[in-house]
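My questions concern the predicted model and sequence given below.
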Amino acid sequence: MFIGISTSGKSASILNALSASRNIGLSTVLLTGMGNDYSEVDHIVTAQAFTTAYIQEFHIFVIHCLCRIVEEQLKQ
């Protein structure tokens, strides 16, 4: 799985990495903000904000949630 993080959803390096990841068979996730129309991704998690700071805080929250899920799975 590849998780790309782009506040605007328009970062060329992240979009290229998402595309390359899909080409080698990885599942892809994009964490982004409002106004993104990128469709070449398996899953998109959109912060319901346009303000960079709010978007980034939401991304931090999502990443913490993912870490918690992984930690719980590793305990089993």
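Thanks, I have the structure now. Residues are numbered from 1 along each chain as shown.

Give me the buried positions along the lengthiest helix in the chain.
Identified as the longest helix of the chain according to DSSP state H is helix 52-75. By neighbour count on 16 or more other CB atoms under 10 Å, the buried set for helix 52-75 is 55, 56, 58, 59, 62. C-betas here are computed from N, CA, C, even on glycine.

quick one: the helix or strand where residue 20 lies to chain centroid distance?
Under the criterion DSSP states H and E, the helix or strand holding residue 20 is helix 12-23. On the basis of CA atoms, centre = their mean, to the nearest Å, helix 12-23 sits 12 Å off its chain's mean C-alpha point.

contacts for that helix?
2, 4, 5, 6, 28, 30, 38, 40, 41, 42 (CB atoms under 8 Å, 6 or more residues apart in numbering).

So which of those are in strands?
Per DSSP state E, strands hold the following members of those: 2, 4, 5, 28, 30.

Quick one: those residues as CSV, columns for distance to residue 16, neighbour count and pLDDT too.
Below are the ones in strands among the contacts of helix 12-23 laid out as CSV (distance: CB to CB, whole Å; neighbours: other CB atoms under 10 Å; pLDDT from 0 to 100):
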residue, distance to residue 16, neighbour count, pLDDT
2, 11, 17, 97
4, 10, 22, 96
5, 14, 18, 96
28, 12, 19, 97
30, 12, 23, 95
